[in-house]
Each structure stands twice: as structure tokens, then as C-alpha cells.
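Q: I need the structure of the sequence given here:
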Amino acid sequence: MVHAFHFCPNCATPLQRITEVEDGGPKERTRCPACAWTHWNNPTPVLAAVIELPEAGGHLLLARNAAWPEKMFGLVTGFMEAGETPEDGIRREVAEETSLQVDSVGLVGVYDFQRMNQVIIAYHVVARGEVTLSPELAEYKLVAPEKVKCWPAGTGQAVADFLRSRGIEPQWLEWPPATS
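A: Numbering: from 1, shown residues only. Now for the predicted structure:
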């Protein structure tokens, strides 16, 4: 099947969907019939930060992306840049999105987020300073860890694992969130 809206970046030929048998079984790919360029569609690594603020009594910073509904808050996230480690990337993202100084970074876990074709690498970040949000974020709130309500998707699993590591049994939001 030819998708006229997807063209080869090498030769501008319309790409075709193909199925190939690989080590793990059949895989569907998009390939150029002229030059064999292949779009692998591999998941994108996304970094996420469970930000703890000791200066605010150990509260966690949850942020609302400017594109999200008013009551949706989550973790600060972002894409890795070429040439940086995941730890350096999360330090950069936290500084860019909140203006906070990162004191320490520790891995929480790695999470599958197939709906967005992403692999989330989540960190516990201890930070300090005054919060100044980037234009990407509309607002933030500080929440005591025992009061955080986890969401059953993407970074919500990372928050739940972080809370469990602190001896706190996660509370879960109704999903999808009720709108008012």
C-alpha cells in the first residue's frame, strides 16, 4: 500500500508499507521502493523527572503542560539531545522547564508508553531554587508525596514506583480525569 503523504527523505519516492520476517517475527515497516531507505519507527526515549524539593518540605513538583486541560498535572518531561547522557538530559530539562538547580539524580525506572511510541526513562530529581516556568508549562503545584494521586498511564507508573520506594502506597486517579 502506497502512502502518498509519506515520501522518502533521500529520493522523494512515495514510501510503501512492507512486512518482513525478522528475528522476533513479522514486522511492518515503511520502505522506499526506489532506494530501500527504511523508516524503522523505533520508540523515542523520553526523560521524566519526579522532582522533590527539600526546601518545600520534601513536596513533589507537578506541572501542567500549556496544551493540557486545566486539572491535568504530571511530571516534567522532555527529549534527550544528541550527545548527552540521560542524566544530563534530565538535569537540562528540569533547569529549562522550571529554572531549578538539580542537586541529585537517581533512576526510578524505565517505562513502556506505546500509545506515543516512547520509552520513558524516569528519574528522582532533588532540586532547589525558585520555580520559574518555561512557556511550555502553564502552572505547577507542590504536593506532599503521600497526597499525590497517580495516573494509570506513562509517567504515572513512575510516580507510583517512586512512592513505593518511599514506603507510600500509591493512590490512583479516576482515569480519564473527570472534567468540570
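Q: quick one: least confident helix or strand in this protein?
A: Taking mean pLDDT, DSSP states H and E as the measure, the helix or strand of the chain with the lowest value is strand 2-7, at a mean of 57.
Q: quick one: contacts of the top helix by length along the chain?
A: As assigned by DSSP state H, the longest helix anywhere in the chain is helix 86-98. For helix 86-98, the external contacting residues (C-beta atoms under 8 Å, 6 or more residues apart in numbering) are 45, 47-49, 51, 61, 63, 76-81, 84, 100-102, 105, 121, 123, 125, 127, 131-134, 136-137, 140. No exception for glycine: its C-beta is placed from N, CA and C like everyone else's.
Q: now swap in stretch 156-165 and tell me
A: Contacts with stretch 156-165, where a contact means C-beta under 8 Å, 6+ apart, come from 48, 50, 74-75, 108-109, 111, 120, 122, 124, 145-146, 148, 150-151, 169-170, 172-173.
Q: and it, which residues are buried?
A: Buried positions in stretch 156-165, judged by neighbour count with 16 or more other C-beta atoms under 10 Å: Gly156, Gln157, Ala158, Val159, Ala160, Asp161, Phe162, Leu163.
Q: next one: the fourth one from Ser134, what distance?
A: Spelled out, that is Val159. Separation of Val159 from Ser134 (C-beta to C-beta, to the nearest Å): 21 Å.
Q: angle of the lengthiest strand in the chain against helix 86-98?
A: The longest strand of the chain (DSSP state E) is strand 101-113. With axes from the mean of the first three to the mean of the last three C-alpha atoms, to 10 degrees as the basis, strand 101-113 and helix 86-98 are set at 110 degrees to each other.
Q: how far away from the center of its chain is the helix or strand just after strand 101-113?
A: Sequence order places strand 118-128 as the next helix or strand after strand 101-113, per DSSP states H and E. Computed by C-alpha atoms, centre = their mean, to the nearest Å, the chain-centroid distance of strand 118-128 equals 9 Å.
Q: with that, I have no additional questions.
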